[in-house]
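**Student:** sequence isn't available, so here's the structure alone:
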């Protein structure tokens, strides 16, 4: 499923990649999963640097890999656009704002934690982050269902049931989904004679 905007043939400059990553990271509150739909909109829909399929694949790898999903996703996007230099500038742009914010909060923790206005603002951030997270989940589910592929819908339903009903660890569900996807694609390619 490709985005409506034509896929850009000219990759962004390193400075532009850094600035976009920095801006995304600086104005994203609520954790790594909140940045995922924003990255998709920015890198795919707004600038056309990556297709929706490329973003979806990179997010799947970023989520499956150990570490912070926002950092992993920015590394994948940067590497896909400009190789190792792109990955490094995206990493710097993504890590710099939270690092500065955490240092400021660390040094002023007593004043921040006791301030009623700060508590109210953070409460609002949590609500907004939850809404963005729901948007990301619904967007991914809609994308899977639009493929009209019985296998992907079955994996989606099975993964949901395994995590939320059977309480299977997420790592086991991701590993099982990855193996099932690999087997499915291998059988499909064999059937096509590739």
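**Tutor:** Sure, I can see it. Just so it is clear, the model here is predicted, and its values are computed rather than measured.

**Student:** any regions of the protein where pLDDT drops low?
**Tutor:** 1-9, 29-33, 109-110, 113, 194 (pLDDT under 70).

**Student:** burial check on residue 24, number of neighbours?
**Tutor:** 21 (other CB atoms under 10 Å). Placement of C-beta: from N, CA and C, glycine included.

**Student:** do residue 117 as well
**Tutor:** Other residues lying near residue 117 total 8 when counted by other CB under 10 Å.

**Student:** can you pull the contacts of the closest residue in space to residue 92 that isn't next to it in sequence?
**Tutor:** Spatial nearest neighbour of residue 92, excluding adjacent residues (CB to CB, 6 or more residues apart in numbering): residue 18 at 6.3 Å. Taking CB atoms under 8 Å, 6 or more residues apart in numbering, we find residue 18 in contact with 89-90, 92-93.

**Student:** from what I can see residue 36 touches residue 59, true?
**Tutor:** Yes. Judged on CB atoms under 8 Å, residue 36 makes contact with residue 59 at a distance of 5.6 Å.

**Student:** what is in contact with these two at once?
**Tutor:** 69, 73.

**Student:** quick check: the two most widely separated of the contacts of residue 18?
**Tutor:** The most widely separated members of the contacts of residue 18, counting by CB to CB, are 90 and 92 (7.4 Å).

**Student:** and the two? Which one has more around it.
**Tutor:** When neighbours are counted by other CB under 10 Å, residue 90 comes out ahead of the other of residue 90 and residue 92, with 31 against 17.

**Student:** just to revisit the earlier point, just the contacts of residue 18: which are in helices?
**Tutor:** 89-90, 92-93 (DSSP state H).

**Student:** point me to the helix or strand that includes residue 166.
**Tutor:** Applying DSSP states H and E as the criterion places residue 166 outside every helix and strand.

**Student:** any idea how far it is from residue 155?
**Tutor:** 15 Å (CB to CB, to the nearest Å).

**Student:** do a quick rundown of the helices in this structure.
**Tutor:** Assigned by DSSP H, the chain shows helices spanning 14-26, 32-39, 52-64, 69-107, 109-114, 116-146, 150-164, 170-192.
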